[in-house]
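# Fold the stuff below for me.
(one chain, ligands or ions: 1)
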Amino acid sequence: MKQVVDNTLPESAVSTRNISKNYGDVEALKNLSLEFPRGQLTSLLGPSGCGKTTLLKIIAGLLEPTSGTVEVNGQTVKGPGPDRAFVFQDFALLPWATVLRNVAFGLEMRGVAKSEREAIAEKYIKEVGLAGFEQSYPHELSGGMRQRVGLARALSVDAEVLLMDEPFSAVDEQTRRKFQEDLLSLVQHENKTFIFVTHSIEEAVYVSDQIAILLPRPSRVHEIIRPSNFRSKGVDNIRRDPEYLDIVDEIWASLRTYVE
Ligand SMILES: Nc1ncnc2c1ncn2[C@@H]1O[C@H](COP(=O)(O)OP(=O)(O)OP(=O)(O)O)[C@@H](O)[C@H]1O
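Reported below is the predicted structural model:
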């Protein structure tokens, strides 16, 4: 495994230590150790079936590892907790509830008073670009807008760690690009730790401070890449930056043999 040691890295918000996960005879993850720097976005990238979703669910506390531990701020994870919010692939929105109620739902579950939770929800509805749709219902929104409702819900509960499982996979290319830009700005302004699963090499390189390349059967960390130069050059310049293009090529070279 190639790993660049960087002494300027922030401390880890999340650490996975020697995580293994078996489903019966299937060894989905084997001795997987990773550090997720605080306030940064780490992507988990790898071929289908390499255990990305499994790892995310273990970090969320929704799934128990067969062995190994997850620590969030030095505390061992024993189940789901308020420090982590999961943004699901298909957002579980309440079809009978307005955008406002949907976004406030996580806070409602935590017993936060109505006026307080609605004020918080309104702030994040604006932040994800849905101002004006507070009283709309999910069926009145496009797929992309529904994704934003799910994101606003996750942001509202103010979890320190946001876990995102292919959040942009179901939207069209233009919407996806807009989301990616918005995500970069969220990472910059929210000071949260994002753990992001994607199939897309370009997407991972575009949005990530750190990319963990996983290889399958059983899944292990092949390489950790930390793009350094193009992040500060502005969203419009990233895709033509030589470092961006080199990293995309390098990752494809690692993954191409695993694509059936
Ligand atoms: N509940 C389960 N029971 C049995 N096997 C499972 C279960 N969930 C996942 N697996 C297997 O574990 C491996 C890892 O699955 P996982 O969904 O974590 O991979 P992934 O990288 O997220 O895949 P994809 O990119 O296709 O979403 C796969 O071989 C999968 O078939």
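# Against residue 200, how distant is residue 33?
Distance from residue 33 to residue 200, counting by Cβ to Cβ, to the nearest Å: 25 Å. Where C-beta positions appear, they are placed from N, C-alpha and C, glycine not excepted.
# which one of the two has more residues nearby?
residue 200 (16 against 12; other Cβ atoms under 10 Å).
# Quick check: pLDDT value at the more buried one.
For residue 200, the model assigns a pLDDT of 90.
# what's the helix or strand for the residue nearest to residue 172 when sequence neighbours are not counted?
Sequence neighbours aside, residue 144 is the residue nearest to residue 172 in space, at 7.4 Å (criterion: Cβ to Cβ, 6 or more residues apart in numbering). Residue 144 belongs to helix 143-156 when elements are defined using DSSP states H and E.
# wait, is residue 254 part of a helix?
Yes: Residue 254 sits within a helix when classified using DSSP: H, G, I helix; E, B strand; the rest coil.
# Following element in sequence after the helix holding residue 144, please.
Of the helices and strands lying after helix 143-156 in sequence (DSSP H and E), the nearest is strand 161-165.
# In which helix or strand does residue 103 reside?
Secondary structure from DSSP H and E places residue 103 in helix 99-109.
# In contact with residue 124, which residues?
Residues near residue 124 by Cβ atoms under 8 Å, 6 or more residues apart in numbering: 103, 152, 153, 155, 156.
# try 7 Å this time
In this structure, residue 124 makes contact with 103, 152, 155, 156, judged by Cβ atoms under 7 Å, 6 or more residues apart in numbering.
# Would you mind listing what in this structure touches the ligand?
The chain comes close to the ligand at residues 23, 26, 28, 48, 49, 50, 51, 52, 53, 54, 199, as judged by Cβ under 6 Å from any ligand atom.
# Number of residues surrounding the fifth one?
Okay, so that is residue 49. 14.
# pLDDT at the residue nearest to residue 172, what is it?
Confidence for residue 144, expressed as pLDDT, is 79.
# show me where pLDDT drops low in this protein?
Counting by pLDDT under 70, the low-confidence segments of the chain come to 1-7, 88-91, 170, 260.
# In CSV, please show the C-alpha coordinates belonging to the longest helix seen in it.
Criterion DSSP state H: the longest helix present in the chain is helix 173-190. This file holds the C-alpha atoms of helix 173-190, laid out as CSV (Å, rounded to 0.1, in the frame of the first residue of the first chain):
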residue,chain,number,x,y,z
GLU,A,173,-25.2,15.2,-14.8
GLN,A,174,-25.9,18.9,-14.5
THR,A,175,-27.6,18.6,-11.1
ARG,A,176,-24.7,16.4,-10.0
ARG,A,177,-22.1,19.0,-10.9
LYS,A,178,-24.0,21.6,-9.0
PHE,A,179,-24.2,19.4,-6.0
GLN,A,180,-20.5,18.7,-6.1
GLU,A,181,-19.8,22.5,-6.1
ASP,A,182,-22.3,22.9,-3.2
LEU,A,183,-20.7,20.1,-1.3
LEU,A,184,-17.2,21.7,-1.6
SER,A,185,-18.6,24.9,-0.2
LEU,A,186,-20.4,23.0,2.7
VAL,A,187,-17.1,21.2,3.6
GLN,A,188,-15.4,24.6,3.7
HIS,A,189,-18.0,26.3,5.8
GLU,A,190,-19.5,23.7,8.0
